[in-house]
Every structure is written in C-alpha cells, then in structure tokens.
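K.L.:
I'll drop the sequence and a predicted model, then ask my questions.
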Amino acid sequence: MVEDGRRIRRSGQRRRKPINYSESFDEADVRNLQDEDYREVVQIDSSDGTESDESHLVSTKLGQVFEIKDESDKEQVEIKDESDKEQMEIRDESDIEHVKIKQEPDEADVGEDDDDEPLSKKRKKREPTKRKSRATKKAKTPKPPKVTPYERNTNRLFENHPYLKDVFPFLANAPVYKPIRAEQPEGLTIKLLPFQLEGLSWLVTQEKSIYGGGVLADEMGMGKTIQTIALLMNDTSKRPSLVVAPTVALIQWKNEIEQHTAGKLKTYIFHGANRTSNVGEFKDVDVLLTTYSVLESVFRKQVYGFKRKTGVVKEPSLLHNMNFYRVILDEAHNIKDRQSNTAKAVNTIKTEKRWCLSGTPLQNRIGEMYSLIRFLNINPFSKYFCTKCDCESSEWKFTDHMHCDLCGHVVMQHTNFFNHFTLKNIQKHGIEGPGKESFNNIQLLLKNIMLRRTKVERADDLGLPPRIVTVRRDYFNEEEKDLYQSLYSDIKRKYNAYVEEGVVLNNYANLFTLITRMRQIADHPDLVLKRVKNGGEYADSVIVCQLCDDEAEEPIESKCHHKFCRLCIKEYTESFLEESSKLTCPVCHIALSIDLSQPALEVEEQAFQKQSIVNRLNMKGTWRSSTKIEALVEELYNLRSDSRTIKSIVFSQFTSMLDLVEWRLKRAGFQTVKLQGSMTPTQRDETIKYFMENTHCEVFLVSLKAGGVALNLCEASQVFILDPWWNPSVEWQSGDRVHRIGQYRPVKITRLCIEDSIESRIIELQEKKQI
Ligand SMILES: Nc1ncnc2c1ncn2[C@@H]1O[C@H](COP(=O)(O)OP(=O)(O)OP(=O)(O)O)[C@@H](O)[C@H]1O
C-alpha cells in the first residue's frame, strides 16, 4: 500500500514543471537524469515489456541510486530529505499546523469553512436547490481569504520577533555589489588578475561588513586560493588564520603561501602523528593549516573522549582552545552535512572572521547551503525561533526532547529561520507562487554573502585555452562481450525474480553491487573475476569496499563495522533520500549508521601494495589486456611526439583498474606515477612534484575518488576519464585539474566508453541533460 501510494505521488509530481536550480545558482549544475531515462539505461524491467507497479517503483528507486531521475522528482525528494533530516530540529510547518489545529484551535482554524464542509457536501447530494441559494448568499458576503498554515506561522514569528520582518527588505536594499579593483597587496609576489583584484576588494569589504566573511565561490581553477592569500597579505597584523582543507590540498596551500609571499607569512601544518601539542609553537605562526579529518578528530577527542584502560579520557583540543582572527574552509562543501562531527568541529572554532571557499557550494540540494550558513553564523538564518514567545537560540536545546530548555514550549512550536523562509515553500510549491518567493529569498541572501564568477564570464582576464571534450567509443571483444552478457542476464534474472517475490527493495544493495560489476567489466573483466573476495587470501591485510569490491579508497566504517570507499557509501546513502527510513547497511541489512565525514581508516602502504590486483594475477603468462586499456594505450601513443612530451592525467574510480593500466603502460614504455588515497600528504606532494617536474613522466594515474578535487596539474593538457561516474559534476571537477590558470595549451578531455555496455547509456543520458 505504502509503495502504491508513493508511486501515485511520484507520478503526480512528474507532471509538475521541472525545476532548474542552475538558473538561480549559476552553475550549480544539479543535473540529474530522468527516471524514465534510468529505465533506458539499465533496461532491467520485466522482460515482457510491461512494467509492473513494483518494477516502476524500483526503477525509480534505482534511478535515485545513480542520481538518474526527473528534476521535479529531485526537488521533492531532496527537499523532503531535508525535512526528514531536520525532523527533530527544524520541524515541518505543516506538522506544526496539523498538531495545532487539533490541540488549540484558533479563530482561523475553526472558521465557517471547516464546520460547513461536511454538511455542505451532504446537502449537495440531498438538497441541490437549497445549496444553490446558499451559494448565492455566500457570494454576496465574500469570506476573507484563508490564511495558509505557512502564513499563520510567519505571522506568529513576526508577532513574537518583530525584527524578523525587516530581514528581507534589509537584504533587498543592501547596496548592489560593484566590482572595484583593490590595490595589489604589498609583498604578494604574484600579479593578481583584474577579476582577482575585484575579488580581493570584495573579501576586504565583506570582512568589515556585519557578516564578517562569506562564500567565495568562483569556478574551479580561477584562483580562490590566491585571492585568499592576497587577503592574508592585505593586512598581516590580522592573525593567526586557520585554513582547513582536504588532505590532498594541504601541501599545495603551504607551497602557494610560501611561494607567493616570499616567506612573509609563517605557516605550520597541523597534521600527522607528530603534530605538536604545545600551543607555544604557534606563537609566531601566521597561518595554521589542517585537514577536516584532523579537526574532526581533535574535536571528537575533546567532546566525546576516547577509550583507555582506565576508562574514557577526554583530551582538550588545541585548535578549539585558540582564538583565530579568521578561519578559511577550503572546499567548504565538506561540511554540507550539518549534523556531521566535521560540521560541529568547524562551528565550534573561536574566530572573528569566517570564510568558505568552494567552486561547487551547492552540489545536490539547497539545504546543503544551510551548513555553510551555520558556520558563517549568518543571523537570523542560522537561528531557531519560538512561534509562541520571544525565545530564540543558535542551538537546538531540547534536553527532554519535548520542551525547549529556554522557554518551555514544545518542539513543534519552534522553527528555523532558513528552513521556514526558504526550504519549506520550495518543498511544497517548487518555484511557483510562495516557492518563487522563497527562491528569491535565497537569492537575496546569497547576493549579500557570496561572490561567484565563472570562467566564461572572465574569459578575457583568464586567457584560458579552449577545452574540448570528446567521447571515444569502442566495442567489447568477443570474450568480454560474452562475459558482460552473462552478467547482464544474471542481473536481469535476479531482478525479475525479486519482482516476482516482491522483495526488490530488500535487495537494493545487491542490485547496486551487480550494476557496479557491469561497469567494472567494461573496464577489464579481471576487476570482477579476480576481485578480492571476502575471507580470501588478502582479505585480512587490505580494506575492501563492500560496495565496489575494490580496495577501498578513503575507507570509512559504519557502526555495524562494515567498510566502504567514502564516495561509494555516500552515493549509496544519497540514493535513499526519499526513504531514509529504509536505508540499511548493504552488507548486514540493519539500519545503516555511518558518519560520512569521519577520518579515513588508516591503510598500511605495504599491505596496499601487496594486495594490488597485479600481485594477484599472473601478469607475465596468460594475462590479457582489455578493449578499454588498449584504447587508452592507442590514444597515448598517438600523442607522442619527437619534439615534446605531452602529459596526460588518467582518472578511474576503480583502483584495481589503475593498477592494471599502470602495469600495461609501463610495458608499453610509458613513465607513470600514481596518486592513491592511502598516501600521506607528503607522499602526494612528492608524487605531484615528480610528475610536474620530470619531463619524461608522461602519465599521471589518479583515483577519481581520491584526487578529483583541489589538485593543480597544469603541466598536463590531456585528460582521460576511463569510466563515467554517475554524478557528472565529479567528472567535470577532474577536467578542471588541468583547465585552470597556468594552462597555455588547448585541453582535451577524452571520455572512454564501451559502446555496447551500460557506459554508453550513462553518457548518452548525461549528454541529453546537458543540451
Ligand atoms: N594571478 C595569477 N597569476 C598566475 N597564476 C595564478 C594566478 N592566480 C592563480 N594562479 C594559479 O592558478 C592555479 C589555480 O589557482 P587556485 O588553486 O587558487 O584555484 P582555485 O580556484 O582555488 O581552484 P580549486 O577550486 O580547484 O581548488 C594555481 O596554480 C595558481 O598558482
């Protein structure tokens, strides 16, 4: 029943006009594929061509797994999720209303309408004439328009917190941002481009404003780091600053600061086991650099403690006991889950100014902005308000889970400003009517706290060479085709059996894994045939992702002790947006509980090498390459020239694929380096340096899950993406590693695709969406 109900709702939603976020968020690029499209991709619905209710539901569900769905559905699903997620803290207004109507009816609630309705319905049947005359009477005395639950709550909010009325008029009347160029800061050795000088001027003005910071959201590779360093140099007496960045970007930050300030700013990397515990060492430090994982870890140890023989020990966090002048979050979307420990860890840092840097501040949902707004402390957007009295608070304080610690009113009577004035109406109305107003509200807010420029807008300043994206299409050889077909038939058979038994949803994770296998075969059959099996020879020494069956990249662990690549489990959990209550562990099927931003589990480098697929295969004897690998080899051969080295980056989401490619390329005479998740920041930095500085090193193999963001790899001008990723923005980010300032050669991005496999369908649908 529930499923049917859901299906009906969804089909209703599909009729709604699709919502295009990108209109308002520039290149927010929330491009998902339609669920009809998804069925086209996977084609595993009932074999007779008719679509059962359940198959429809599941194809829709699976569509969400791979983010292939209708945009209007997306809106519903995404926002619904937000309200689900915020169930405890940010209540649904309609819920509040529902409860209120029952608990304490007021004038509006017990209006004529409510009482008359059943009676008038009855009369409609029995006394048509009388009913008509009454209608005429009514027409003479028109009723005042009904106040919607939303309006009622808004009124109550305004009654109890009058200043809230002025928030949006204030934002609307704020001076419009006018690009003004700042002076090049003294001591900054890199000459800022015109738009970067404008950026610096905005950063300085913004710090002086009531917001004390904001979001610098220039497109990737336009120099957000440089502009921030310029801000640091603009007034060096304002210190210390804390930069929180992903591990992969940490050393890059240090290098850029040192290179471009001629050593004027003293840096300290707070990372690794040997980091100091003596705050005195930070006395002369201008910029402290750390990672999200370290910050989360020290926060956790301070708040929750850790186990020792003597019991739980709590350790004060050095970073949380310092007073910073400013905190800068690089790749700030790392805190988009506001309930994660990482978000809590950054929110509790003591600082005067707060900055978020991100080329993609909005990856999936508008709700993701909330976590950034909370960090930035943008009032009243980050606050909770009581609709019954003047109580307001930055924290959600309900010790007994029922009544507010401050005012005693119940949970339902509290709401969050951002949620009420932006999310709720978009959830209910899309961008029509009140939804449009909420959309405008978000735009007003962003206009005041965010600066975003795109490469296209600033093409003249940047002088970037063109970027060409092509798809190279190949066909399976006979052997691969047989294998693929048999796997495909197996999946189809299993799927149909699940449909018949009515247990498709229970086998969701199973299907997810099987489809990953189809994608792995398109790379090389050995990824499936020779994968590390549970309990197998290497199972103890390596961490295997329980979703992709590959060596886990940035492995993280669920409460039920199962381990996954961070990106795999993230995609998996995001696919349950509509029904988070059904989110179960793909291994043991109990309700899944996992902190997606927890620090990655440590992997022994030696174990990592020992278990490489290359060590498991007989590479010298009978090993056969694959269509995909040979296509890459051919492309790389074609790039060879006598006069110069053309460097390439090869991305794959499967580390085993990178191992095979590495082995094959070495045999073909290519010098390669490889970046993988298990490397320390120093190892990563040395590997990047080796590639950039060594002319003979032609190919850089990068795990999409580990190195898709925050890398500067301008020495290369060719990018090969070996396997399409469900979320196209992850692929675009990889291309931006080379198409950035400092690139003078035309950039070519080649996506390798096996035409007669699931890959061609994914690419087809991604292209369809981009038109
Ligand atoms: N004005 C400039 N002159 C020369 N090089 C520059 C300038 N601005 C930035 N760069 C270089 O361009 C590259 C990209 O800059 P940066 O890393 O700051 O971009 P970003 O916007 O932070 O990128 P991402 O979002 O990918 O992290 C860097 O190598 C940087 O040194």
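P.N.:
Thanks, I have it. Numbers count the residues shown, from 1 in each chain.

K.L.:
Could you use CA atoms for every contact and neighbour count after this?
P.N.:
OK.

K.L.:
ok and the residue in the stretch 551-700 of the chain nearest the ligand?
P.N.:
Per C-alpha to the nearest ligand atom, Met692 is where the stretch 551-700 of the chain lies closest to the ligand, at 11.6 Å.

K.L.:
just the chain next, same as before
P.N.:
The ligand sits closest to Gly223 of the chain, with a gap of 3.1 Å, by C-alpha to the nearest ligand atom.

K.L.:
Near that residue, how many other residues are there?
P.N.:
Neighbour count for Gly223, taken as other C-alpha atoms under 10 Å: 18.

K.L.:
again, but for Phe512
P.N.:
Count around Phe512 with other C-alpha under 10 Å applied: 17.

K.L.:
ok, now Asn323?
P.N.:
Asn323: 15 neighbours (other C-alpha under 10 Å).

K.L.:
Which of the helices or strands spans the residue of the stretch 551-700 of the chain closest to the ligand?
P.N.:
Element membership of Met692 [criterion: DSSP states H and E] is helix 681-693.

K.L.:
Likewise for Leu445?
P.N.:
Using DSSP H and E, Leu445 sits within helix 434-449.

K.L.:
Please name every helix or strand in contact with that helix.
P.N.:
Secondary-structure packing of helix 434-449 (3 or more C-alpha pairs under 8 Å, 6 or more residues apart in numbering; DSSP states H and E): helix 167-173, strand 213-216, helix 424-429.

K.L.:
Would you mind finding the most buried of the ones you listed?
P.N.:
strand 213-216 (a mean of 26; mean count of other C-alpha atoms under 10 Å).

K.L.:
so what secondary structure elements neighbour the very next helix or strand once past that strand?
P.N.:
Counting by DSSP H and E, the next helix or strand C-terminal to strand 213-216 is helix 224-234. When contacts are defined as 3+ C-alpha pairs under 8 Å, 6+ apart, helix 224-234 packs onto helix 194-208, helix 247-260.

K.L.:
got the buried residues for the first one?
P.N.:
Buried residues in helix 194-208, counted by 16 or more other C-alpha atoms under 10 Å: 194-204, 206-207.

K.L.:
For those, could you give me TSV that also reports pLDDT?
P.N.:
Putting the buried residues of helix 194-208 into TSV (pLDDT from 0 to 100) gives the following:
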residue	pLDDT
Pro194	95
Phe195	95
Gln196	97
Leu197	97
Glu198	96
Gly199	96
Leu200	97
Ser201	96
Trp202	96
Leu203	97
Val204	96
Gln206	96
Glu207	96
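
K.L.:
Nearest to Asn441 among these?
P.N.:
Of all these, Asn441 sits closest to Gln206, with 19.7 Å by C-alpha to C-alpha.

K.L.:
OK, contacts around the closest residue to the closest one other than its chain neighbours?
P.N.:
In space, and not counting its chain neighbours, Gln206 is closest to Gly213: 5.5 Å by C-alpha to C-alpha, 6 or more residues apart in numbering. Remark: with contacts taken as C-alpha atoms under 8 Å, 6 or more residues apart in numbering, Gly213 is in contact with 203, 206-207, 353-355, 376, 449.

K.L.:
can you name the two of those residues that are farthest apart?
P.N.:
The span of those, defined through C-alpha to C-alpha, is set by Leu203 and Leu376 at 14.0 Å.

K.L.:
how long is stretch 155-164 end to end?
P.N.:
10 Å (C-alpha to C-alpha, to the nearest Å).

K.L.:
Report the buried residues of that stretch.
P.N.:
Within stretch 155-164, the residues scored as buried using 16+ other C-alpha under 10 Å are 155-161, 164.

K.L.:
Who are the contact partners of Ser277?
P.N.:
Counting by C-alpha under 8 Å, 6+ apart, Ser277 touches Leu318.

K.L.:
what about 10 Å?
P.N.:
By C-alpha atoms under 10 Å, 6 or more residues apart in numbering, Ser277 lies in contact with 270, 316-319.

K.L.:
Tell me which ones among those also neighbour the ligand, please.
P.N.:
Applying C-alpha under 6 Å from any ligand atom, the subset of those adjacent to the ligand is empty.

K.L.:
ok, these vs Ser241, which is closest?
P.N.:
The closest of those to Ser241 turns out to be Leu319 (C-alpha to C-alpha; 11.2 Å).

K.L.:
Verify the contact between that closest one and Pro240 for me.
P.N.:
No: using C-alpha atoms under 10 Å, Leu319 makes no contact with Pro240, being 11.6 Å away.

K.L.:
thinking again about what came up before, what touches both of Leu203 and Leu376?
P.N.:
With C-alpha under 10 Å, 6+ apart as the test, Leu203 and Leu376 both reach 212-215, 355.

K.L.:
and the stretch 151-300 of the chain, which of its residues are near the ligand?
P.N.:
When proximity is defined as C-alpha under 6 Å from any ligand atom, the stretch 151-300 of the chain approaches the ligand at 190-193, 220-226.

K.L.:
The stretch 651-771 of the chain too?
P.N.:
Neighbours of the ligand within the stretch 651-771 of the chain, by C-alpha under 6 Å from any ligand atom: 710, 712, 740-742.

K.L.:
so Ile210 touches Ile378, yeah?
P.N.:
Yes: applying C-alpha under 10 Å, one finds Ile210 in contact with Ile378, separated by 9.0 Å.

K.L.:
Show me the beta-bridge partners of the residue nearest to Gln206.
P.N.:
Gly213 has these beta-bridge partners by DSSP bridges: Arg354.

K.L.:
ok, now Ala716?
P.N.:
Taking DSSP bridges as the rule, Ala716 bridges to Lys647.

K.L.:
Pull the contacting residues for it.
P.N.:
Contact analysis of Ala716 by C-alpha under 10 Å, 6+ apart lists 645-649, 691-692, 698-700, 737-739, 743, 745, 747-748.

K.L.:
for Leu164, same thing?
P.N.:
154, 157-158, 380-381, 417.

K.L.:
Just the ones of those in helices?
P.N.:
If you go by DSSP state H, the contacts of Leu164 have 154, 157-158, 417 in helices.

K.L.:
Local confidence estimate at the closest residue to Thr695 other than its chain neighbours?
P.N.:
The shortest distance from Thr695 to any non-neighbouring residue, by C-alpha to C-alpha, 6+ apart, is to Thr645 (6.7 Å). Model confidence at Thr645, expressed as pLDDT, equals 81.

K.L.:
wouldn't Thr645 be in contact with His696 here?
P.N.:
Yes: at 7.1 Å, Thr645 counts as touching His696 under the criterion of C-alpha under 10 Å.

K.L.:
How is this structure partitioned into domains?
P.N.:
The record's domain split for the chain, according to automatic domain parsing, is 177-378+430-455, 460-471+617-770.

K.L.:
Can you tell me which of those domains is nearest to Glu553?
P.N.:
Counting by C-alpha to C-alpha, Glu553 lies closest to domain 460-471+617-770 out of the domains of the chain; the figure is 5.3 Å.

K.L.:
Tell me both backbone torsions, phi and psi, for Ile754.
P.N.:
The phi/psi pair for Ile754 (degrees, to the nearest 10) reads phi -90, psi 120.

K.L.:
Dig out what it forms beta bridges with.
P.N.:
With DSSP bridges as the criterion, the beta-bridge partners of Ile754 are Asp474.

K.L.:
Do I have it right that it meets Arg472?
P.N.:
Yes: taking C-alpha under 10 Å as the definition, Ile754 is a contact partner of Arg472 at 8.4 Å.

K.L.:
Are there residues contacting both of the two? Which ones?
P.N.:
Joint contacts of Ile754 and Arg472 (C-alpha under 10 Å, 6+ apart) are Lys628.

K.L.:
Name the residue in the two with the higher neighbour count.
P.N.:
Using other C-alpha under 10 Å, the more surrounded residue of Ile754 and Arg472 is Ile754, with 22 against 15.

K.L.:
Kindly provide the distance from the more buried one to Ser656.
P.N.:
For Ile754, the distance to Ser656 - C-alpha to C-alpha - is 18 Å.

K.L.:
Overlap in contacts, Leu319 and Pro240.
P.N.:
Residues touching both Leu319 and Pro240 (C-alpha under 10 Å, 6+ apart): Leu288.
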